[in-house]
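A.B. asks: Could you look at this predicted model? Sequence included:
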Amino acid sequence: MSLFETATREKAKLRLALTGPSGAGKTLSALYIAFGMTGDWSKVALIDTEHKRGKFYVNRSDLNTGVFMYAELTPPYSAERYKDYVIEGCKVVGADGVVVVDSFSHAWNNEGGVLDYKDTIAAKSGKNSYTAWNEAGKVQNSLVNTILAVDCHTIVTMRSKMEYVMEENEKGKQQPVKVGLAPIQREDTEYEFDIVLDIARSHIAVASKDTTFLDKFGAIITPELGSQLKAWLDDGVDPERCADCDLVINAAFGKTSAEIIAGTIKAYSRQLCISCASNAKEALKTKEEGK
């Protein structure tokens, strides 16, 4: 009997990581994606290590958020406690719900995290740095595998190490800008996830790793992205793409992708993203002026 069989697409759970510096909008972006996937705020469970900041986003009319499930994870931020919270969150939201771990960085370098665990092992008699890292690595792997194995969708946020670079502003002058670098977690942890979106201080997210349709993604995250991901994970349905640039048509300026598609087909006889629609409008204006 052969070890191989014909491969087929199957339904899958979301395994997403959001990284970015402070103020990038990781928490809200995670909540938007989660709601877009479920269409039901009660199917979203937020595990909050950020001193109750997650509650700032509950039922906000200005942000179009609702009432989601919530649990505060306080120190120690041990792998076992993280696993318990994720498993419990999955039970609360069910198989079609989303558990958001905000933030996963605490499990690595904060009180009780994996680095603390490594130091504790190394301090024991008969232990050394090599054996300590070996045991800590097993703890880390068990934690990651639990997050990836639960029977619901999961999103983790990770803080990025921050650095200031000089960039030219709109006035042509150099100014310091805070940028995010590698996420604060074990090296290459982000690549355990199927999708990794890096969010800048401008709130624009770009994909640094993707197994879906987001390889060219570069936009502010809205609930519509969650809806598109749900459709792709459930049925392999690809979202609509722009006829000119072939990028996914995302919601923008308060319009859904369906509204943008309908409007651009009516105006330009083809479906366009917002950027290409603007270019088409300018081209049409230039053509009219040249007559």
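C.D. replies: Nice, thanks for sending it over.
A.B. asks: tell me the helices in this structure, going along the chain?
C.D. replies: Ranges of helices in the chain, per DSSP state H, are 26-38, 79-93, 106-109, 114-122, 129-149, 223-235, 257-268, 274-289.
A.B. asks: Just list the residues touching residue 197, thanks.
C.D. replies: Applying Cβ atoms under 8 Å, 6 or more residues apart in numbering to residue 197 gives the contacts 16, 17, 18, 19, 29, 205, 206, 207, 208, 214, 217, 221. C-beta here means a position set from N, CA and C on the backbone, and glycine is covered the same way.
A.B. asks: Which of those are buried? Put it as a PyMOL command.
C.D. replies: To isolate the buried members of the contacts of residue 197 in PyMOL, using 16 or more other Cβ atoms under 10 Å:
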select buried, resi 16+17+18+19+29+205+206+207+214+217+221
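A.B. asks: wait, which of the contacts of residue 197 is closest to residue 259?
C.D. replies: When the contacts of residue 197 are compared for distance to residue 259 (Cβ to Cβ), residue 221 wins out at 18.2 Å.
A.B. asks: Phi and psi next, for that closest one.
C.D. replies: Dihedral pair for residue 221: phi -70, psi 130, per degrees, to the nearest 10.
A.B. asks: Next one: it from residue 31, what distance?
C.D. replies: Going from residue 221 to residue 31 by Cβ to Cβ, to the nearest Å gives 10 Å.
A.B. asks: Burial-wise, tell me which of the helices of the chain comes out on top.
C.D. replies: Per residue and on average, the most neighbours among the helices of the chain fall to helix 26-38, with a mean of 25 (mean count of other Cβ atoms under 10 Å).
A.B. asks: list the helices and strands that one packs on?
C.D. replies: Counting by 3 or more Cβ pairs under 8 Å, 6 or more residues apart in numbering; DSSP states H and E, the packing neighbours recorded for helix 26-38 are strand 15-20, strand 44-48, strand 98-102, strand 153-168, strand 195-199, helix 223-235.
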